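Novice: what would the 3D arrangement of this be:
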Amino acid sequence: MADTGSLLPEWLDMTFMGHGHCYLWRSDLLALHAISDTLIAAAYFTIPLALYVLLHKRKDIEFEWMFLLFALFIFCCGVTHLMAVYNIWNGAYYLSGFLKALTAVVSLITAALVWPLIPRALALPRPAELQAANMGLQSEIVRRTEIEQNLEKARFDLEGQIEELTRTKQRLEEEIEQRRRLEKQQQHQTRALERSNEDLEQFAFIASHDLREPLRKLMAFTQMLMTGKYGEFNEKGEQFVRYIREAAERMDALLNSLLSYSRISSSDEGHGELSLQQVVEDATRDLQLRIEESQATIKVGDLCWVRGDPAQLRQLMQNLIGNSLKYCPPETPLVIEITARPSMLPGRCEVTVTDNGIGFDGAYKDQIFDVFKRLHGRGEYEGTGMGLAICRKIVERHGGSIIAESEEGKGARFRFDLPQAAGSGDSF
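Specialist: Numbering: from 1, shown residues only. Next up, the predicted model:
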């Protein structure tokens, strides 16, 4: 086998006749082949350049290596056509054969690789599909843009609401702080008022207690003077002594009322559950003589069980029944009715004491509960004006309130509420 060094001169052997001899050196035939091969070669050289520009502009093109292989294949084809033009006048057939062999190798490689590539190329999305997908993406972008705008608007609104809530929170905190200050101030005032009331009650108790001793002496000495053992009085003198005695008795009644009023305690000590029915029976038993004298009829309904101080509740019912016995018309049989029912307030029962007595002007419905308040002169009806004041204080000490309703000549009605005994519910 000849070595490569001995073959090279043969490959460069230019002694062969050019293809022009086959064309009989006819000028038109020579021009036709030369121009055609030249244009084909020019076109083949342009295509790789176009592919290069395409790959340079589109970095994302799939199968870039195949475009490069096609470019090399077309370039080799262009070289073979250019070599054909050269061989019209020269006979470099070895070099021409080598270029054709190179073109054949590149062609075979390209052909071998292009077939497996076809399924993968077919799997690529078509332009219509890409366009549809692109349109879908555009719609999605528009939708997401609208969503983002709505979210931005919602965020803006939410920030506004947060700012409003923050301002409201600050305002509420300020109001709460102000209310706390007011409550604290009110508590101080309440404690001061309670201390003042305690001092006044203590003063009333001490004054009433201390005044009773000289009063008892005054009543005792006037009683002794009225016996006549220490001298006789004329008619005027007996009248004066009687006036002193009556004034002393009124003062004694006032002091007893003041003592009763001041002894009403707000403490829960001694409170218990008791039947209001039994309280009314005890009160009527104490007033039995006056009830018989006035020939009054007392009707007692189903009463509730309450929680309270037995002595104070007994005094409350005694004062209200006694008040009805006192202000009754002599010509009309007195009827006193005592009823009870569940109160609108939870855990309390409402008690009503009604009579058909003389009644009073409704304009005085609040004043009659004042201390020493009297609507009639002493000559008409006895009393100190403390009975209803004591009633109100007892009811208030049990956490309730008392009201009066009346018209002159049509009787009176007193309504008050008391704490209901635990576990009694609405039963009576």
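
Novice: all helices of the stretch 301-428 of the chain, in order?
Specialist: Secondary structure of the stretch 301-428 of the chain (DSSP state H, counting those that start in this stretch): helices at 310-326, 387-397.

Novice: residues contacting the longest one, please?
Specialist: Spelled out, that is helix 310-326. Here helix 310-326 makes contact (CB atoms under 8 Å, 6 or more residues apart in numbering) with 260, 264, 270, 272, 274, 276, 279-280, 282-284, 286-287, 290-291, 294, 296, 298, 306, 334, 336, 338, 353, 355, 357, 381-383, 387-388, 390-391, 394-395, 397-398, 412, 414, 416, 418. The way it works is simple: take the backbone N, C-alpha and C, and place the C-beta from them, glycine included.

Novice: now the buried members of the residues you listed.
Specialist: 260, 264, 274, 276, 279-280, 283-284, 287, 291, 294, 296, 298, 306, 334, 336, 338, 353, 355, 357, 383, 387-388, 390-391, 394-395, 397-398, 412, 414, 416, 418 (16 or more other CB atoms under 10 Å).

Novice: gap between Arg26 and Met17?
Specialist: Remark: distance between Arg26 and Met17 (CB to CB, to the nearest Å) = 15 Å.

Novice: quick one: which of the helices of the stretch 301-428 of the chain is nearest Thr168?
Specialist: helix 387-397 (39.1 Å; CB to CB).

Novice: can you count the residues close to Gln170?
Specialist: Using other CB atoms under 10 Å, Gln170 has 10 other residues around it.

Novice: ugh, typo on my part, it should be Glu177
Specialist: When neighbours are counted by other CB under 10 Å, Glu177 registers 10.

Novice: got it, and Gly411?
Specialist: Gly411 has 24 neighbours, counted by other CB under 10 Å.

Novice: now swap in Asn319 and tell me
Specialist: When neighbours are counted by other CB under 10 Å, Asn319 registers 21.

Novice: cool, Leu82 as well?
Specialist: Leu82 is flanked by 18 other residues according to other CB under 10 Å.

Novice: can you tell me the element it falls in?
Specialist: Assessed by DSSP states H and E, Leu82 sits inside helix 64-89.

Novice: again with Pro119
Specialist: Assessed by DSSP H and E, Pro119 sits inside helix 93-123.

Novice: elements contacting that helix?
Specialist: If contacts are counted by 3 or more CB pairs under 8 Å, 6 or more residues apart in numbering; DSSP states H and E, helix 93-123 sits against helix 4-11, helix 64-89.

Novice: give me the distance between Asn150 and Arg143.
Specialist: Distance of Asn150 to Arg143, computed by CB to CB: 10 Å.

Novice: doesn't Arg307 make contact with Gly272?
Specialist: Yes - shown here, Gly272 and Arg307 form a contact pair, counting by CB atoms under 8 Å, at 6.9 Å.

Novice: overlap in contacts, those two.
Specialist: Overlap of the contact sets of Gly272 and Arg307 (by CB under 8 Å, 6+ apart) is empty.

Novice: run through the protein and note the low-pLDDT ranges.
Specialist: For the chain, the stretches with pLDDT under 70 are 1-14, 208, 265-269, 378, 423-428.

Novice: distance between stretch 373-392 and the chain's centre?
Specialist: Here stretch 373-392 is found 53 Å from its chain centre; the criterion is CA atoms, centre = their mean, to the nearest Å.

Novice: need the contact partners of it.
Specialist: Identification of contacts with stretch 373-392 by CB under 8 Å, 6+ apart yields 250, 253-254, 257-258, 260-261, 264, 315-316, 319-320, 322-323, 326-327, 360-361, 364, 367-372, 402, 404, 414, 416.

Novice: one more time with 6 Å
Specialist: 253-254, 257, 260-261, 316, 319, 323, 326, 360, 364, 367-369, 371-372, 402 (CB atoms under 6 Å, 6 or more residues apart in numbering).

Novice: now the end-to-end length of that stretch.
Specialist: 13 Å (CA to CA, to the nearest Å).

Novice: now stretch 365-383
Specialist: One end of stretch 365-383 to the other measures 18 Å (CA to CA).

Novice: show me the strands in the protein, by range?
Specialist: Secondary structure of the chain (DSSP state E): strands at 272-275, 297-300, 305-308, 335-342, 348-355, 402-406, 412-419.

Novice: what does the third one contact?
Specialist: The contact list for strand 305-308 (CB under 6 Å, 6+ apart) reads 271, 273, 275-276, 398, 418-419, 421, 424.

Novice: burial measure for the closest residue to Gly18 other than its chain neighbours, as a count.
Specialist: Sequence neighbours aside, Trp89 is the residue nearest to Gly18 in space, at 4.6 Å (criterion: CB to CB, 6 or more residues apart in numbering). Neighbour count of Trp89, defined by other CB under 10 Å: 14.

Novice: from what I see, Trp89 and Met17 are in contact.
Specialist: No - when contacts are counted by CB atoms under 6 Å, Trp89 is not listed as touching Met17 (9.8 Å).

Novice: separation between the spatially closest residue to Arg120 that is not a sequence neighbour and Leu55?
Specialist: Spatial nearest neighbour of Arg120, excluding adjacent residues (CB to CB, 6+ apart): Phe63 at 7.5 Å. Distance, Phe63 to Leu55, by CB to CB: 11 Å.

Novice: do Gln367 as well
Specialist: When distance is defined by CB to CB, Gln367 is 111 Å away from Leu55.

Novice: with distance to Asp199 as added columns, please give the strands of the chain in CSV.
Specialist: Converted to CSV, these look like this (distance: least, CB to CB, whole Å):
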stretch, distance to Asp199
strand 272-275, 29
strand 297-300, 40
strand 305-308, 26
strand 335-342, 36
strand 348-355, 31
strand 402-406, 25
strand 412-419, 27
